[in-house]
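Engineer: generate coordinates for the sequence data below:
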Amino acid sequence: MNQDQSDQPAHPSTQPQSVRQVVLPSGRMIEVVHFHDTATDSRVLSDCPACGSDLVQPLAWSQAADGRWNLLLECPNCRRSEAGTFARTQVEHLEDHLDEGLTAMITDLQRMAQANLIADIERFTRALQADQILPEDF
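Structural biologist: This next block holds a predicted model:
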């Protein structure tokens with residue numbers, strides 16, 4: 001009876017990998033092969049695996065080997081935190097998501113500031129028309 005190959009883990013030679021040469025203190029050179037887990041590399045970092053929020057944000061970061069990044073992530077909704085090493089494409093996607101969020105916040109702030117200014121002008125105009133503003137107010 002044949003087993004379905006999709007149930008078995010991928011053979012190491014078929015997984016994405018990176019090779020780094022390391023010189024030991026003895027002078028001997030070795031190659032370190034790092035196999036990347038493609039399932040982990042496809043995860044959207046802005047999405048919290050615990051509560052589903054799309055507000056996950058980095059608290060700390062540093063560059064790792066092979067263009068990957070070490071991140072400390074936290075979800076502001078459920079306070080779940082996670083430290084890990086992630087692919088550059090994942091981090092770029094997270095940056096894009098954070099930039100979109102910042103743009104939306106700035107747009108909302110501008111709308112609120114404009115609405116508040118309009119409301120202030122309307123109140124001032126009504127007060128002027130009702131003779132409720134006197135020279136002593138200034």
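Engineer: just the element for the residue nearest to residue 133 when sequence neighbours are not counted, please.
Structural biologist: Nearest residue to residue 133, sequence neighbours excluded (C-beta to C-beta, 6 or more residues apart in numbering): residue 127, at 5.1 Å. C-beta here means a position set from N, CA and C on the backbone, and glycine is covered the same way. For residue 127, the host element (DSSP states H and E) is helix 88-129.
Engineer: what mean pLDDT would you report for that helix?
Structural biologist: Averaged over helix 88-129, pLDDT sits at 95.
Engineer: cool, and stretch 42-50?
Structural biologist: pLDDT averaged over stretch 42-50 gives 91.
Engineer: hmm, who's touching that stretch?
Structural biologist: 53-56, 71, 73, 75, 77-78, 80, 86, 90-91, 93-94, 97-98 (C-beta atoms under 8 Å, 6 or more residues apart in numbering).
Engineer: list the buried ones in it?
Structural biologist: 45-46, 48 (16 or more other C-beta atoms under 10 Å).
Engineer: just to be sure, residue 52 is in a strand?
Structural biologist: No - counting by DSSP: H, G, I helix; E, B strand; the rest coil, residue 52 falls outside a strand, being coil.
Engineer: tell me who's in contact with the residue nearest the centre of the chain.
Structural biologist: Taking C-alpha atoms, centre = their mean, the centroid of the chain lies closest to residue 94, which sits 3.5 Å from it. Residue 94 makes contact with 45-46, 56, 58 under the criterion C-beta under 8 Å, 6+ apart.
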